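Chemist: A predicted structure for the sequence below; I have some questions about it.
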Amino acid sequence: MARNKIQFQKGLSLNEFLKEYGTEEQCFDALYALRWPDGFRCPFCGHDECCQLTYRRLQQCNRCQRQTSITAGTIFESTKLPLTIWFQAMYLMTQNKKGISAMALHRQLGISYNAAWRMKHKLMQVMLERDEGKPLNGFIEVDDAYLGGERSGGKRGRGAEGKTPFIAAVETTATGQPTRIKLSIVKGFRTAEIKAWGERHLLPGSTVISDGLACFNAVTGAGCAHDRIICGGGRASVEEPEFYWVNTVLGNLKSALRSTYHAVVGKHAQRYLADFQYRFNRRADLSALIPRLAFVALRTPAMPYRLLKIGL
């Protein structure tokens with residue numbers, strides 16, 4: 001049997017990473033090139049010439065004389081951590097299929113747990129915002145799912161306390177191969193909620209394939225066709241070929257969450273889903289994940305801790 005090209009791709013080795021991003025100077029140069037690929041552009045007046053101030057590595061515009069830094073106005077703003085630590089975090093978060101916890105970042109990077117938590121959640125926020133405006137298209141498998149399990153003596157199934165409902169959707173090609181996924185927290189599986197989700201995350205004209213849950217018919221209100229396949233519960237639903245990829249994604253997601261985290265808190269759950277989603281949607285080229293993540297991090301507005309801890 002031929003090897004899966006995505007699963008067995010080379011990726012970015014630790015030695016290669018250190019060779020490219022091993023020093024503070026290399027990381028600074030990488031961010032400079034990603035932020036201003038066509039040369040410096042003043043964020044205040046738009047002028048394209050500046051002088052480099054060695055103190056704190058500031059750029060001073062030759063026209064308005066105002067100063068800016070490579071991280072100003074970005075997710076990196078006000079950071080006290082070296083850029084090498086940020087790049088190491090991006091490496092660890094993108095090259096591991098199951099992700100990495102803040103506790104593991106704390107230990108491997110040698111920084112405080114609080115700093116590791118802030119860094120991880122800021123980078124997950126970048127991942128979330130990057131995929132937010134990219135709706136799925138074509139043939140789409142969808143299923144209802146939950147984060148969290150039943151509590152001892154508690155109610156089973158839908159409506160159980162402590163569970164966070166979310167929609168898992170997988171875009172597939174005409175030959176049935178998965179391309180992209182959407183993992184979206186919802187308030188519940190109700191018609192109005194699914195209609196709003198469809199308008200936000202699906203392109204009109206798409207074909208949505210779902211099980212017998214009636215609320216998914218609401219995607220027709222978002223301009224999509226709906227193919228409803230009633231397959232029963234339990235093992236029968238898992239083995240249905242029309243839902244092969246959405247069940248595979250859900251299985252991989254739950255395995256990753258169980259092995260990486262002790263618990264996923266409800267108010268931050270969407271970021272954890274976005275973390276898995278971002279890696280899956282870009283799984284075909286692991287070596288490019290670091291510059292791609294750094295590129296969008298430079299275009300994601302600053303998010304102070306007081307907003308970060310509120311959740312979504």
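Modeler: Ah, there it is.
Chemist: any regions of the chain where pLDDT drops low?
Modeler: 1-2, 55-56, 149-161, 231-240 (pLDDT under 70).
Chemist: biggest helix in it by residues?
Modeler: Counting by DSSP state H, the longest helix found in the chain is helix 113-132.
Chemist: gap between the nearest residue to His47 once chain neighbours are set aside and Cys45?
Modeler: Spatially, and ignoring its direct neighbours in sequence, His47 is nearest to Arg63 (3.9 Å; C-beta to C-beta, 6 or more residues apart in numbering). C-beta coordinates here come from the backbone N, C-alpha and C atoms, glycine included. Distance of Arg63 to Cys45, computed by C-beta to C-beta, to the nearest Å: 6 Å.
Chemist: also Ala274?
Modeler: Taking C-beta to C-beta as the measure, Ala274 falls 35 Å from Cys45.
Chemist: which of those two has more residues huddled nearby?
Modeler: Set Ala274 next to Cys45 and count neighbours by other C-beta atoms under 10 Å: Ala274 wins out with 24 against 11.
Chemist: which residues touch the more buried one?
Modeler: Met124, Gln125, Met127, Leu128, Asp131, Leu183 (C-beta atoms under 8 Å, 6 or more residues apart in numbering).
Chemist: can you put those in TSV and add neighbour count and distance to Arg57?
Modeler: TSV is the format used below for the contacts of Ala274 (neighbours: other C-beta atoms under 10 Å; distance: C-beta to C-beta, whole Å):
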residue	neighbour count	distance to Arg57
Met124	22	27
Gln125	22	25
Met127	25	27
Leu128	20	29
Asp131	19	31
Leu183	24	38
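Chemist: can you give me the end-to-end distance of stretch 148-164?
Modeler: Distance between the two ends of stretch 148-164: 7 Å, counting by C-alpha to C-alpha, to the nearest Å.
Chemist: just stretch 168-179 next, same as before
Modeler: One end of stretch 168-179 sits 14 Å from the other (C-alpha to C-alpha).
Chemist: in that stretch, what's buried?
Modeler: Across stretch 168-179, burial judged by 16 or more other C-beta atoms under 10 Å covers Ala168, Ala169, Val170, Glu171, Thr172, Pro178, Thr179.
Chemist: now do stretch 211-226
Modeler: Buried residues in stretch 211-226 (16+ other C-beta under 10 Å): Asp211, Cys215, Phe216, Ala218, Val219, Ala222, Cys224, His226.
Chemist: quick one: contacts of that stretch?
Modeler: 140, 142-144, 189-195, 198-199, 202, 204-208, 210, 228-231, 237, 240, 243.
Chemist: out of the buried residues of stretch 168-179, the closest to Ile310 would be?
Modeler: Of all the buried residues of stretch 168-179, Ile310 sits closest to Ala168, with 25.1 Å by C-beta to C-beta.
Chemist: check which helix or strand covers the closest one.
Modeler: Assigned by DSSP states H and E, Ala168 belongs to strand 164-172.
Chemist: Asp38 too?
Modeler: Counting by DSSP H and E, Asp38 is part of no helix or strand.
Chemist: so what's the closest residue to Pro43 other than its chain neighbours up against?
Modeler: Spatially, and ignoring its direct neighbours in sequence, Pro43 is nearest to Thr68 (5.7 Å; C-beta to C-beta, 6+ apart). Taking C-beta under 8 Å, 6+ apart, we find Thr68 in contact with Cys42, Pro43, Phe44, Leu58, Gln59, Cys61.
Chemist: again with His106
Modeler: For His106, the contact set (C-beta under 8 Å, 6+ apart) comprises Ser112, Tyr113, Ala115, Ala116, Trp117.
Chemist: neighbour-wise, which of the residues you listed leads?
Modeler: Ala116 leads these on contacts (other C-beta under 10 Å) with 24 neighbours.
Chemist: pretty sure Asp48 contacts Arg41?
Modeler: Yes. With contact defined as C-beta atoms under 8 Å, Asp48 counts as touching Arg41 (5.7 Å).
Chemist: quick one on the thing from earlier: now the buried residues of stretch 168-179 as JSON lines including distance to Leu308?
Modeler: As requested, the buried residues of stretch 168-179 are arranged in JSON lines below (distance: C-beta to C-beta, whole Å):
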{"residue": "Ala168", "distance to Leu308": "25"}
{"residue": "Ala169", "distance to Leu308": "27"}
{"residue": "Val170", "distance to Leu308": "29"}
{"residue": "Glu171", "distance to Leu308": "30"}
{"residue": "Thr172", "distance to Leu308": "34"}
{"residue": "Pro178", "distance to Leu308": "31"}
{"residue": "Thr179", "distance to Leu308": "31"}
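Chemist: now, among those residues, which is nearest to Cys27?
Modeler: Nearest to Cys27 among the buried residues of stretch 168-179 is Thr179, at 31.9 Å by C-beta to C-beta.
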